[in-house]
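> coordinates only, sequence not included:
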């Protein structure tokens, strides 16, 4: 009886805490609250840690159901001046070991993206694609999908709230900032869960205004107070009937795990030097520098 009573009290306490969090999240929102104000609150609640190391598995599935599994390490750090450094380094399978995506986002929003392919020797291949529709290394993700969008570069329009699987969401349409020539074209639509202010679903649109990709976040974990991180991110390519799943198995917030030196070409050349491929080795078309998804 005592055990049952304790369980009931614990359940009621959990409900009260959840209700309190819900009230805190939506308390600042009313019919006059703008999309920009909601996004600022989202960013404040779940802002990026300055130093993050992650171990990830990536599963790519094509329209025929064929799977390609990779393992990678992801490093990111934010400098005091606002510069964001990002490195995604593949470890498995052997044919992609040492392949890396290196990106730097300057405080003004400019992003430099490079791909390192050990088989090409000591050189970085610049990725010229811009925006969230440019996939890399055969995945359905762009650099922007992984590093996040800069609020000041975008204009947010709030739409009617929506309910997804009985959970209430704020809905925001994302456009380029008003001082650009593409300001009238919708880029994305964010669905923000109201009880935790986390973006759990994003629709990415093509230049014709059609949904091209759907990005969803799953297995949310609390990492610091109300700050959440998703352990699984799924991107579905609607046109190519292709999808990419990233699963994070380990996450560490530590300066020691993301030293500045690893975000350099010199570090990649030293630790993953050029190795001549075997003469009978087939070319791996999935590592198209332009980001072909098939």
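It's in. Predicted model only: the values in this text are computed from it and were never measured.
> tell me the contacts of the residue nearest in space to the middle of the chain?
The residue lying closest to the centre of the chain (C-alpha atoms, centre = their mean) is residue 146, at 3.0 Å. For residue 146, the contacting residues are 74, 86, 88, taking C-beta atoms under 8 Å, 6 or more residues apart in numbering as the criterion. All C-beta atoms are positioned from the backbone trio N, CA, C, and that covers glycine.
> quick check: the nearest residue to the second one once chain neighbours are set aside vs residue 166, distance?
What that stands for is residue 86. Once flanking residues are discounted, residue 86 sits nearest to residue 103: 4.4 Å by C-beta to C-beta, 6 or more residues apart in numbering. As for residue 103, its distance to residue 166 is 38 Å (criterion: C-beta to C-beta, to the nearest Å).
> okay, those two: which has more neighbours?
The residue with more neighbours, out of residue 103 and residue 166, is residue 103; 22 against 5, by other C-beta atoms under 10 Å.
> which one of the contacts of residue 146 has the most neighbours?
Across the contacts of residue 146, the neighbour count under other C-beta under 10 Å reaches its highest value at residue 88, namely 25 neighbours.
> how close does residue 59 sit to residue 104?
Computed with C-beta to C-beta, the distance linking residue 59 and residue 104 is 28 Å.
> among these two, which residue is more densely surrounded?
With neighbours defined as other C-beta under 10 Å, residue 59 and residue 104 compare such that residue 104 has more, 17 against 14.
> got the contact list for that one?
Contacts of residue 104 by C-beta under 8 Å, 6+ apart are 83-86, 111-112, 263.
> host element of it?
Using DSSP states H and E, residue 104 maps to strand 100-105.
> for stretch 139-156, measure first residue to last.
This stretch, stretch 139-156, spans 27 Å end to end (C-alpha to C-alpha, to the nearest Å).
> what comes up buried for that stretch?
139-150, 154-156 (16 or more other C-beta atoms under 10 Å).
> stretch 219-230 now?
Taking 16+ other C-beta under 10 Å as the neighbour-count basis, stretch 219-230 is seen to contain the buried residues 227-230.
> also stretch 35-45?
35-36, 38-39, 41-42, 45.
> for PyMOL, write the select line for the buried members of the contacts of residue 104.
A single PyMOL command selects the buried members of the contacts of residue 104 (16+ other C-beta under 10 Å):
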select buried, resi 84+85+86+111+263
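> farthest-apart pair in the contacts of residue 104, please.
When those are compared pair by pair using C-beta to C-beta, the two farthest from each other are 111 and 263, 13.5 Å apart.
> low-scoring stretches of the stretch 101-250 of the chain, by residue?
Residue ranges of the stretch 101-250 of the chain with pLDDT under 70: 128-134, 179-183.
> ranges for the strands of it?
Listed in chain order, the strands of the stretch 101-250 of the chain (DSSP state E, counting those that start in this stretch) span 111-116, 124-126, 154-164, 167-176, 186-193, 198-205, 211-224, 227-237, 242-252.
> what angle separates the third one from strand 186-193?
When axes from the mean of the first three to the mean of the last three C-alpha atoms, to 10 degrees is applied, the directions of strand 154-164 and strand 186-193 differ by 50 degrees.
> who are the packing partners of strand 154-164?
helix 35-45, strand 167-176, strand 186-193 (3 or more C-beta pairs under 8 Å, 6 or more residues apart in numbering; DSSP states H and E).
> one more pass at 10 Å, please.
The elements that strand 154-164 packs onto, with contact taken as 3 or more C-beta pairs under 10 Å, 6 or more residues apart in numbering; DSSP states H and E, are helix 35-45, strand 167-176, strand 186-193, strand 198-205.
> TSV please, covering the ones you listed and showing distance to residue 215.
Putting the helices and strands packed on strand 154-164 into TSV (distance: least, C-beta to C-beta, whole Å) gives the following:
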stretch	distance to residue 215
helix 35-45	15
strand 167-176	12
strand 186-193	9
strand 198-205	4
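> just so I know, which of the ones you listed lies nearest residue 267?
Nearest to residue 267 among the helices and strands packed on strand 154-164 is helix 35-45; the distance by C-beta to C-beta comes to 30.3 Å.
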